[in-house]
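**Student:** I'll drop the sequence and a predicted model, then ask my questions.
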Amino acid sequence: MYDVARPVTGNALEETGQMPALFTGDRPPGAHRQTRPRSGPDYPAIQAGREFTALRRRFRAFVFPMSLAFFAWYMTYVLLAAYAHDFMSTKVFGQVNVGILLGIGQFASTALVTWLYLRYARRHLDPRVAELRALEGLTEGTPR
């Protein structure tokens, strides 16, 4: 039966406590690092490229202002719900009040922001991504 209190090691270095630290570059004498040729895209070079930087800037030009606007709209709704009870309970028609309409507006604005982003990405980001992939030799389904 296997004794879990005294595990059997397969390496003499483990038994002596002389194991080199992992990922620090310490290797036992005689061990050589094997270098393999890079097989795939050079991601650091792509990220440092002018085209990728422009793509990222275009992405941020939409996302940051839209996120800020949506957060402001959401916080306005939350603050009104917390502190403006009279305003939020104002009847608009029947049993529907301002609070319900603004709450439904939250869902509608989420769908609107999603639709606006998809439209922006289709028109402004996707063509740049296709250009970048073509420039780097990366096409759909064909690894480099």
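**Tutor:** Here it is on my side, so go on.
**Student:** please enumerate residues in contact with the helix or strand containing residue 108?
**Tutor:** Using DSSP states H and E, residue 108 sits within helix 98-120. Residues from elsewhere that reach helix 98-120 (CB atoms under 8 Å, 6 or more residues apart in numbering): 62-63, 66, 70, 73-74, 77, 80-81, 87-90, 92. For the C-beta atoms, the positions are set from N, CA and C on the backbone; glycine is no exception.
**Student:** that helix: which residues count as buried?
**Tutor:** Residues 98, 99, 102, 109, 120 are the ones in helix 98-120 that count as buried (16 or more other CB atoms under 10 Å).
**Student:** could you do stretch 47-63 as well?
**Tutor:** 52, 55, 59.
**Student:** give the contact list for the last one.
**Tutor:** Residue 59 makes contact with residue 125 under the criterion CB under 8 Å, 6+ apart.
**Student:** look up the pLDDT of residue 73 for me, please.
**Tutor:** You'll see residue 73 listed with a pLDDT of 96.
**Student:** how about it: what's its closest non-neighbour residue?
**Tutor:** Leaving aside its chain neighbours, residue 73 sits nearest to residue 109 (6.3 Å; criterion: CB to CB, 6 or more residues apart in numbering).
**Student:** quick check: which element contains residue 77?
**Tutor:** Per DSSP H and E: helix 50-83 holds residue 77.
**Student:** next secondary structure element downstream of the helix holding residue 108?
**Tutor:** helix 126-136.
**Student:** how far away is the closest residue to residue 58 other than its chain neighbours from residue 116?
**Tutor:** Nearest residue to residue 58, sequence neighbours excluded (CB to CB, 6+ apart): residue 124, at 5.7 Å. Residue 124 is 12 Å from residue 116, where distance means CB to CB, to the nearest Å.
**Student:** and if you look at residue 110?
**Tutor:** In this view, residue 110 and residue 116 are 11 Å apart by CB to CB.
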